[in-house]
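A.B. asks: Pasting the sequence and the predicted model now:
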Amino acid sequence: MKEEVIREPLWKIRLRLWMRSFKQNWELFREKKLALFGLGVIIFFAIFGALYPMYPVLMKNIFWKDQEDMFSAMKPYDPIIGYDPFIPGHPSPPSPRHPLGTDPLGRDILSQLMYSTPREFTLGITAALITVVIGTMIGASSAYFGGVVDTFFMRLADIVMLFPTLALLMVLSAFIELDLLKLALILGFISGFGSITIVLKAQALTVKVRPFIEAAKSAGGSDMYIIFKHIIPNILPLSFLYMMFGVTSAIFSEAVLSFFGLVNVRMSWGIMIHTAESQGYLGGEFIGKFWWLWLPAGASITLLCSAFYFLGRGLEEIVNPRLRKR
């Protein structure tokens, strides 16, 4: 009697291989202290922004226990657009009632930071996703087809790279009203047709000459099948890496445009600094005296942009085998 062969399901095999690869890559990633720092900062800001809806409850239970009458009298106080009438003068320094103080308009600084954080994440990730999708598609197509297709998209990338992104966005803001969604779309399209296509095309060229591509062609695979099933999956790790850098670029661009008042958003870190500057608190002796008006927002922009950059650099060694330790 023949013994029955017990075959393990394919999904279990793939899961086990994925877990093994993940453990190896995590051990390599842990050696990068700056990358771990970046990951920690990103997780902190993600939790920080997610807590915004609970902000009034947290403030009431932690800082306003002895001010129940004040809290009740202020309803429906909105810390983003509201004015705190119980503070004698604004901007007010950090206090138990307002841990990071208030701005010249009497609004709570901490709540503005919390409110803006999810929107910064949304802007950065949306713009980066659009950039990666466009750049990956164009890079893979240019490498595979070559000829006129390659020439057209590479020259288009050269033209896009000639124009400074911030200057172009400032000009566009004069013709269209920029909100976060429009800004993310524009940033994604500009970056997607820019330098990322050149980098991903170079990576796709190394995939195109591998034996399995020729085998797929010999087996009758169509051009679209080969691009989507063989080339793009092999350049996706590099695409993901450049997504990290794209998030940094998008957040920084929004902060600069908001500082100049060119983006139509309710609140952002750039607008917080713009408010301090427009009220005259960023000049002379005021910049040090009223530090809470610009330092929290400026530090948040710097930390989050740096975090995604450090995370991208840490992932670079995992994605790029040439950089791995021998």
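C.D. replies: Perfect, I can see it now. Numbering: from 1, shown residues only.

A.B. asks: who's in contact with residue 268?
C.D. replies: The contact partners of residue 268, by C-beta atoms under 8 Å, 6 or more residues apart in numbering, come to 116, 119-120, 254-255, 258. Where you see a C-beta, it was placed from the backbone N, CA and C, and this is true even at glycine.

A.B. asks: at 7 Å instead, please
C.D. replies: 116, 119-120, 254, 258 (C-beta atoms under 7 Å, 6 or more residues apart in numbering).

A.B. asks: repeat for residue 264
C.D. replies: Residue 264 neighbours (C-beta under 7 Å, 6+ apart): 177-179.

A.B. asks: Return the per-residue confidence for residue 229.
C.D. replies: For residue 229, the pLDDT comes out at 86.

A.B. asks: I meant to write residue 297 there.
C.D. replies: For residue 297, the pLDDT comes out at 93.

A.B. asks: What separation do you get for it and residue 103?
C.D. replies: Note on residue 297: its distance to residue 103, by C-beta to C-beta, to the nearest Å, is 10 Å.

A.B. asks: Show me which of those two is the more surrounded one.
C.D. replies: A count of neighbours by other C-beta atoms under 10 Å puts residue 297 above the other of residue 297 and residue 103, at 28 against 24.

A.B. asks: Show me the shaky parts of the stretch 51-200 of the chain.
C.D. replies: 57-83 (pLDDT under 70).

A.B. asks: one more time with 50
C.D. replies: Within the stretch 51-200 of the chain, the ranges that satisfy pLDDT under 50 run 68-76.

A.B. asks: Can you list the residue ranges for strands in it?
C.D. replies: Counting by DSSP state E, counting those that start in this stretch, the stretch 51-200 of the chain has no strands to list.

A.B. asks: Tell me which stretches of it form helices.
C.D. replies: Counting by DSSP state H, counting those that start in this stretch, one finds helices in the stretch 51-200 of the chain at the ranges 55-62, 68-74, 109-145, 147-162, 165-172, 180-192, 195-208.

A.B. asks: Which of those helices sits closest to residue 306?
C.D. replies: Closest of these to residue 306 is helix 109-145, at 13.0 Å (criterion: C-beta to C-beta).

A.B. asks: elements contacting that closest one?
C.D. replies: If contacts are counted by 3 or more C-beta pairs under 7 Å, 6 or more residues apart in numbering; DSSP states H and E, helix 109-145 sits against helix 33-50, helix 147-162, helix 180-192, helix 195-208, helix 232-259, helix 269-278, helix 295-319.

A.B. asks: Report the inter-axis angle for the shortest one versus helix 109-145.
C.D. replies: The reference is to helix 269-278. 130 degrees (axes from the mean of the first three to the mean of the last three C-alpha atoms, to 10 degrees).
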